[in-house]
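J.: Coordinates only, no sequence provided:
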């Protein structure tokens, strides 16, 4: 949600890819792709954003903390980032999502959005459940 220099962004993408591979992810067994090359992420985020009310997003603790650290001038990207996360989850019809404690509320938002969408348009998205690690 913060602007990055293009060269730094490209290097971060390479570094992240290297770290994922170093962790043992086998690209022969799972898909590894750059999210920004899949326009459906942004397209679904727009659709889901049209179904999400602003007061719900304003109540998220991450918004409050980040906004405070940005001199109370949080950006629209920061506010709507949880909707993009929901699109990332729902686009692939995920049923289980590994999350840390700090992301549980964002997953709950994704669950609520899925339920709202399904109620309005018919059963389409599974409602994802959290996989919390004890570590």
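T.: Looks like it arrived, so ask away. Values in this document were obtained by computation on a predicted structure and should not be read as measured data.

J.: what residues does stretch 41-57 touch?
T.: 35, 63, 79-80, 82-84, 86-88, 90-91, 109, 112-113, 116-117, 120 (Cβ atoms under 8 Å, 6 or more residues apart in numbering). All C-beta spots, glycine's among them, are computed from the backbone N, C-alpha and C.

J.: Tell me which residues are up against the lowest-mean-pLDDT helix or strand in the chain.
T.: Least confident helix or strand, the chain: helix 61-69 with a mean of 75, by mean pLDDT, DSSP states H and E. Identification of contacts with helix 61-69 by Cβ under 8 Å, 6+ apart yields 1, 57, 73-74, 78-79, 82, 102, 105-106.

J.: Name the residues of it that are buried.
T.: Within helix 61-69, the residues scored as buried using 16 or more other Cβ atoms under 10 Å are 63, 66-67.

J.: angle of the helix or strand containing residue 84 against helix 61-69?
T.: Here residue 84, judged by DSSP states H and E, is contained in helix 76-91. Inter-element angle recorded for helix 76-91 and helix 61-69: 160 degrees (by axes from the mean of the first three to the mean of the last three Cα atoms, to 10 degrees).

J.: packing partners for the helix or strand just after helix 76-91?
T.: Using DSSP H and E, the helix or strand that directly follows helix 76-91 along the chain is strand 96-99. Strand 96-99 is packed against helix 104-121, strand 129-132, with contacts defined by 3 or more Cβ pairs under 8 Å, 6 or more residues apart in numbering; DSSP states H and E.

J.: Just the residues contacting the longest one, thanks.
T.: With Cβ under 8 Å, 6+ apart as the contact definition, helix 104-121 has outside contacts at 48, 51-52, 56-57, 60-62, 82-83, 85-86, 89-90, 97, 99, 124-128, 130, 132.

J.: Pull out the buried positions in it.
T.: 106-111, 113-114, 117.

J.: rewinding a little: which of the contacts of helix 104-121 are buried?
T.: 48, 52, 57, 60, 82-83, 85-86, 89-90, 97, 99, 125-126, 128, 130.

J.: Residue 30: what secondary structure?
T.: coil (DSSP: H, G, I helix; E, B strand; the rest coil).
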